[in-house]
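# Requesting a structural model of the entry that follows:
(4 chains)
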Number of protein chains: 4
Amino acid sequence: IRTVGVLTSGGDAPGMNAAIRAVVRTALSHGLKVRGIRKGYHGLLKEEIIDLSARDVSDTIQRGGTILQTARCKSMRTTEGQQKAAAICKKYGIDALVVIGGDGSFAGAQQLANYGVKTIGLPGTIDLDIACTEYTIGFDTAVNTAMEAIDKVRDTSTSHERCSIIEVMGRDAGYLALWCGIANGAERILLPEEKENFDEAALIQDIMANKRRGKKNYIIINAEGVGDTINLAKRIEEATGIETRATILGHMQRGGSPTCKDRVYASTMGAMAVEMLIAGKYNRVVGYKEGEFVDYDINEALSMKKKISNHQYEISKVLAL
Amino acid sequence: IRTVGVLTSGGDAPGMNAAIRAVVRTALSHGLKVRGIRKGYHGLLKEEIIDLSARDVSDTIQRGGTILQTARCKSMRTTEGQQKAAAICKKYGIDALVVIGGDGSFAGAQQLANYGVKTIGLPGTIDLDIACTEYTIGFDTAVNTAMEAIDKVRDTSTSHERCSIIEVMGRDAGYLALWCGIANGAERILLPEEKENFDEAALIQDIMANKRRGKKNYIIINAEGVGDTINLAKRIEEATGIETRATILGHMQRGGSPTCKDRVYASTMGAMAVEMLIAGKYNRVVGYKEGEFVDYDINEALSMKKKISNHQYEISKVLAL
Amino acid sequence: IRTVGVLTSGGDAPGMNAAIRAVVRTALSHGLKVRGIRKGYHGLLKEEIIDLSARDVSDTIQRGGTILQTARCKSMRTTEGQQKAAAICKKYGIDALVVIGGDGSFAGAQQLANYGVKTIGLPGTIDLDIACTEYTIGFDTAVNTAMEAIDKVRDTSTSHERCSIIEVMGRDAGYLALWCGIANGAERILLPEEKENFDEAALIQDIMANKRRGKKNYIIINAEGVGDTINLAKRIEEATGIETRATILGHMQRGGSPTCKDRVYASTMGAMAVEMLIAGKYNRVVGYKEGEFVDYDINEALSMKKKISNHQYEISKVLAL
Amino acid sequence: IRTVGVLTSGGDAPGMNAAIRAVVRTALSHGLKVRGIRKGYHGLLKEEIIDLSARDVSDTIQRGGTILQTARCKSMRTTEGQQKAAAICKKYGIDALVVIGGDGSFAGAQQLANYGVKTIGLPGTIDLDIACTEYTIGFDTAVNTAMEAIDKVRDTSTSHERCSIIEVMGRDAGYLALWCGIANGAERILLPEEKENFDEAALIQDIMANKRRGKKNYIIINAEGVGDTINLAKRIEEATGIETRATILGHMQRGGSPTCKDRVYASTMGAMAVEMLIAGKYNRVVGYKEGEFVDYDINEALSMKKKISNHQYEISKVLAL
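This is a model prediction of the structure:
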């Protein structure tokens, strides 16, 4: 290979810039040329392609968001779009492409691979919902951002002896909620994975028992997939007589300067992607499993399933004592 | 006077602990006794009264919330409640009371004064909506908390070239919105003070013009008093075709470790309250005006009116260029 | 005037970018051209001059440091250097120059004014040591950075029941030390303004008395002008038998994303500088006094003297109880 | 067992409070009694022993330092001290003891085990220098604290085009330095593990080459074990003519509110320690290896050796391009 392309796709995640920077500098150090593709597959189809030098990624490792921007792209799900994307890669001399994103982005990479573009996927999502890896770029930052915001909510919740429900991101995966639940000492965590077991009457009983035990607040972390936070707050207040406030953290969880772990792991993954390409490995996804950086065939990676830790969930209940 | 009471009332605000600590230590250093009243006037009526030593306020200056907790109290608006409160002060030997809160809390203090309790009010609210002062305890922290959250929203908004509406606190006063608007480089600020001039069609025109000028996002800061952030986001997305996301920062704005200014000014005001009492000044409210700490008669303070700075609002528009 | 130049000079300070951005956008909105001069007077003499558009200052308000960079420049103190600088301004069509820096930078501006360049000075320094103003760009951020670092030192100091001396910046002015001293609840503040009154034996007595009073740590904030922090720590440990640790915060105090106040005030000052030039006012320095933005003749500004608040210093002693 | 004791020993580390809280609440939930020992083995020998309830650890998970305080203790290295400590445990009914600290603290636990006290060690140190585990309580927080401080130094270093040397903790282990080096995009990392290979002349050559390549600063991260940061800065400035500044981060790296990972992992380890005791496992040390929480015999744990990652060190060099 002579030229490596790099793009970010799907929702943005802190640490993506560290990965881009590592791809660029590792490729350059091996004598390769690097092209950045702006706005994901959408920008690829529009030929928004720029050259990247070592200086273009200076002073970016600490930045939130993605300097290449990102977008979702429906055309990339069609055969026509995929063929066009592969043709554009050829036109710009891009023999190999590093795709930073989630499962949907890897599916696009899989198709490009079918049309002869050598691809490597790097897991980038704040939701940690990629099955082939225990680490995804952005989760560590997002979970700290959410936790720090919830620490602040807790201050005011304690001052007023309120019940507070905080909605964190995670439509299908409760990792952010579970980690914040433990880290913020939440009394209750509502996970999408446990949605069908949710018993509102039991929750209300527990809130009242908690008050009798002398605790000064009751924090509920609710993953966005579970349900309507604002109305749940209203129902709790009515049923318990305890003032209850809802907070929806929203998109602030996607931004911010990445944590040390996100910078270091994203850098390592970016470097590894280029080293794999040079070693002749491609059409693979990089992951982190059992304490090591590993890689999987894209098809294998896309077929894996992942389950949330029951052990951590049980611990969270005991610690809310 | 021999014994000073201190309470926090209304919404909590970062820096209240610094003020409590300063009241306690200044009073003790003058040989006075100090009693803390928990949960505002509500706790006063329930006789939730504790002694406070210098050690009880150790390691509190950096804490969010209020160690004395706070509450709203309807009974304190009745003559019966006010008389009872004054009687309880007498019972506990509290000759003088420092009340940290907003206009509503000062109204309670004014009534206690009528029944012979010497009172000093300290302005504590994140909204900056107390007319007799240019500084209120908690505003500086809250505005930095909101600004930092909006910085994060901006990261992801730029990555996706979105429009973002962020709702900050301020039902009746747009100070938080105005300061964040300037500090976050917002394209538009919606203030309660300008509510009747709001022209949604002009806003939508501006969003589209902005995109044509090459800007990568459009940030709108909306004070909670202005209207429904979530539906406004939907209408903008429909009208402009630009992805638009709503964030409601909520109660996290009330919490968090206080900034340096909030710690220093709250400490100064707490010390000043006790010094005034010792000097025989009471039934007054402390403020900060024209670069100095000052004090006003409670009645005079409650009758003042305050206007938001038009000059800053105009500057915010030019700087969004 | 047709073209406004802008430069940052002396030590960098957070908020300088907000001021630059405001100068650029306000000037452009009035139909003026803007040139940025890199690396202060040093860069001016080397003709490191670039055009600045509204987009060039996008996404800079939240950045630490100065996008124009800065330097100290000895040549600017010579007549020859000053004449050359004025000639270069003329060559590049720069009729008016906004200089962001401290007293030394204003002295340079004063000389340029003598050679016909219309100048406005904006006070930019983390030390707050400019006599004509109660606010300088960067102080609020620096004092919060130092305070947050000292909060962390306090955690570990308490865990070990140690004495800790923390050196903050401020060679000639103790504002950073005084504010941190109050905000961190320091037991002792060593100010350059009080240097000759420093009594080490009394300090050591107080440390031992403090331990007997049951306090778990002893925090000393030392302004860098006062003396050798590391050796003072050694002498205290020897004399008291209490473990004593020195921390020198150093240059981290100059960096970091600016606080809300620094962004808002620096933006206001930047806009004001351009409005003054358009109104025909020049050879002046902008300040903040008694709650208002004001301006002074450069010569008058440079001749002013400033004293640190004795009242705050006294309060800090009482609150360390 | 009926009563579990818990103590923190050696240097404090953020997350120790999360571990204490988890020990307390897990033990209580199983019907055990919990005693807290203040100031490590030193406090044990002085019988500074308190009962701990679920409420005593409320609102502590987010606190830096250790609520039980800590100390180093020479007597515990003597047979006499060890026997006395075991006798005191017996006197207070402490059948099992959870020791949170480093290798030195585990050596003490090993001795107590010999005298019949059932012990579990939890790895607590910001240095990550415990051989039997890839995670230690406090490292994640410390590395983020250092990284954020270095981000600030970088701002001002860039503004002035300086060389900056930042000394981080780690007398014998370079993990903090290595992680910060990658995360801050440092040009050079000086590790104690590579001390004998340090070539100052080559470093100086590289600094000058770097400037010629157009980079605006040169960041060196120096682990405290490597040598004298302040004099190295002086020699570099002299040799290169480039302004060079030294920063010594010091004890602030030990404090601060723990990160999400430190809170979650410390909580998990604390819960696990109690579950092990109940399951009849003791005289063991808890670790985290290959993605799982594991445990080792204390003697085995103390005999392990650990090496820093060469791969990460190589990556750091490529990414500094």
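# Show the contacting residues for residue A:152.
B:64, B:145, B:251-256 (C-beta atoms under 8 Å, 6 or more residues apart in numbering or on different chains). Where C-beta positions appear, they are placed from N, C-alpha and C, glycine not excepted.
# Strands of the stretch 201-321 of chain A, start to end?
Ranges of strands in the stretch 201-321 of chain A, per DSSP state E, counting those that start in this stretch, are A:218-223, A:244-248, A:284-289, A:292-297.
# Show me the one of those strands that comes nearest residue C:219.
Evaluated over the strands of the stretch 201-321 of chain A, closeness to residue C:219 peaks at strand A:218-223, with 32.0 Å, by C-beta to C-beta.
# tell me the contacts of residue A:284?
A:120-121, A:276, A:295-298, A:301.
# Apart from its chain neighbours, what residue comes closest to it?
Leaving out its chain neighbours, the residue that sits closest to residue A:284 by C-beta to C-beta, 6 or more residues apart in numbering or on different chains is residue A:295, at 4.6 Å.
# for residue A:55, same thing?
residue D:214 (6.2 Å).
# Same check on residue A:169?
residue A:253 (5.1 Å).
# So that neighbour versus residue A:170, what's the distance?
Taking C-beta to C-beta, to the nearest Å as the measure, residue A:253 falls 9 Å from residue A:170.
# any common contacting residues for the two?
Common contacts of residue A:253 and residue A:170 (C-beta under 8 Å, 6+ apart): residue A:176.
# about what we covered before: give me the neighbour count for the residue nearest to residue A:55.
Counted with other C-beta atoms under 10 Å in any protein chain shown, residues neighbouring residue D:214 total 10.
# ok, back up a step: ok, which of the strands of the stretch 201-321 of chain A comes nearest residue A:98?
Nearest of the strands of the stretch 201-321 of chain A to residue A:98, taken as C-beta to C-beta: strand A:284-289 at 9.4 Å.
# Walk me through which strands the closest one pairs with, and which way each runs.
Within its sheet, strand A:284-289 is paired with strand A:118-123 (parallel), strand A:292-297 (antiparallel), according to DSSP bridges.
# distance between the first one and the chain's centre?
The gap between the average C-alpha position of strand A:118-123 and the chain average comes to 16 Å, counting by C-alpha atoms, centre = their mean, to the nearest Å.
# List the contacts of that strand.
Applying C-beta under 8 Å, 6+ apart, the contact partners of strand A:118-123 are A:1, A:19, A:95-102, A:105-106, A:109-110, A:112-113, A:130, A:132-133, A:135-137, A:266, A:269-270, A:273, A:276-277, A:282-287, A:298, A:301.
# Pick out the residue of the stretch 101-250 of chain A closest to chain D.
Going by C-beta to the nearest C-beta, chain D is nearest to residue A:183 of the stretch 101-250 of chain A, at 4.0 Å.
# shouldn't that residue be in contact with residue D:21?
No. Applying C-beta atoms under 8 Å, one finds residue A:183 not in contact with residue D:21, separated by 11.6 Å.
# Need the residues touching each of these two.
With C-beta under 8 Å, 6+ apart, residue A:183 and residue D:21 have common neighbours D:61, D:267.
# rewinding a little: I'd like the strands paired with strand A:284-289 written out as a markdown table, with mean neighbour count added.
What follows is the strands paired with strand A:284-289, written out as a markdown table (neighbours: other C-beta atoms under 10 Å in any protein chain shown):
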| stretch | mean neighbour count |
| --- | --- |
| strand A:118-123 | 29 |
| strand A:292-297 | 16 |
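# looking at those strands, which is closest to residue C:220?
strand A:292-297 (46.2 Å).
# measure the closest residue to residue A:95 other than its chain neighbours to residue A:98 for me?
Take residue A:95 and drop its neighbours on the chain: the residue closest to it by C-beta to C-beta, 6+ apart is residue A:1, 4.3 Å away. Using C-beta to C-beta, residue A:1 is found at 11 Å from residue A:98.
# ok, the residue nearest to residue A:169 - contacts?
A:126, A:142, A:145-146, A:168-169, A:176, B:152.
# Relative to chain C, which of these is nearest.
For those, the residue nearest chain C by C-beta to the nearest C-beta is residue B:152; the value is 10.4 Å.
# Which residues of the stretch 201-321 of chain A lie near chain B?
Proximity of the stretch 201-321 of chain A to chain B (C-beta under 8 Å from any C-beta of the partner chain) is limited to residues A:216, A:245-256.
# circling back: now the strands paired with strand A:284-289 in a markdown table, with distance to residue B:311?
Output for the strands paired with strand A:284-289, formatted as a markdown table (distance: least, C-beta to C-beta, whole Å):
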| stretch | distance to residue B:311 |
| --- | --- |
| strand A:118-123 | 49 |
| strand A:292-297 | 55 |
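# Could you dump the ones you listed into a markdown table and include mean pLDDT?
Formatted as a markdown table, these follow (pLDDT from 0 to 100):
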| stretch | mean pLDDT |
| --- | --- |
| strand A:118-123 | 98 |
| strand A:292-297 | 96 |
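# Out of those strands, flag the one nearest residue C:196.
Residue C:196 lies closest, by C-beta to C-beta, to one member of those: strand A:292-297, at 60.4 Å.
# now that closest one, how far from the chain's geometric center?
Its chain's C-alpha centre and that of strand A:292-297 lie 18 Å apart, by C-alpha atoms, centre = their mean.
# Looking at strand pairing, list the partners for the residue lying closest to residue A:297 once chain neighbours are set aside.
Take residue A:297 and drop its neighbours on the chain: the residue closest to it by C-beta to C-beta, 6+ apart is residue A:284, 6.0 Å away. Beta-bridge pairing for residue A:284 (DSSP bridges): residue A:120, residue A:297.
# Now do the same for residue A:284: its pLDDT.
pLDDT recorded at residue A:284 is 97.
# can you tell me how far the residue nearest to residue A:169 sits from chain C?
Per C-beta to the nearest C-beta, to the nearest Å, residue A:253 is found 18 Å from chain C.
# Correct me if wrong, but residue A:167 is in a strand.
Yes. Secondary structure of residue A:167 (DSSP: H, G, I helix; E, B strand; the rest coil): part of a strand.
# Contacts only, for it.
Contacts for residue A:167 (C-beta under 8 Å, 6+ apart) come out as A:222-224, A:229, A:246-249.
# Closest one of those to chain B?
When the contacts of residue A:167 are compared for distance to chain B (C-beta to the nearest C-beta), residue A:247 wins out at 3.9 Å.
# Dump the C-alpha coordinates for stretch A:55-62 into PDB.
Listed next in PDB are the C-alpha coordinates belonging to stretch A:55-62 (Å, rounded to 0.1, in the frame of the first residue of the first chain):
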ATOM      1  CA  ARG A  55       1.600  19.300  11.400                       C
ATOM      2  CA  ASP A  56      -2.100  19.100  10.400                       C
ATOM      3  CA  VAL A  57      -2.700  16.900  13.500                       C
ATOM      4  CA  SER A  58      -0.500  18.900  15.900                       C
ATOM      5  CA  ASP A  59      -2.400  20.100  18.900                       C
ATOM      6  CA  THR A  60      -5.400  17.900  18.300                       C
ATOM      7  CA  ILE A  61      -4.900  15.000  20.700                       C
ATOM      8  CA  GLN A  62      -6.600  17.000  23.500                       C
END
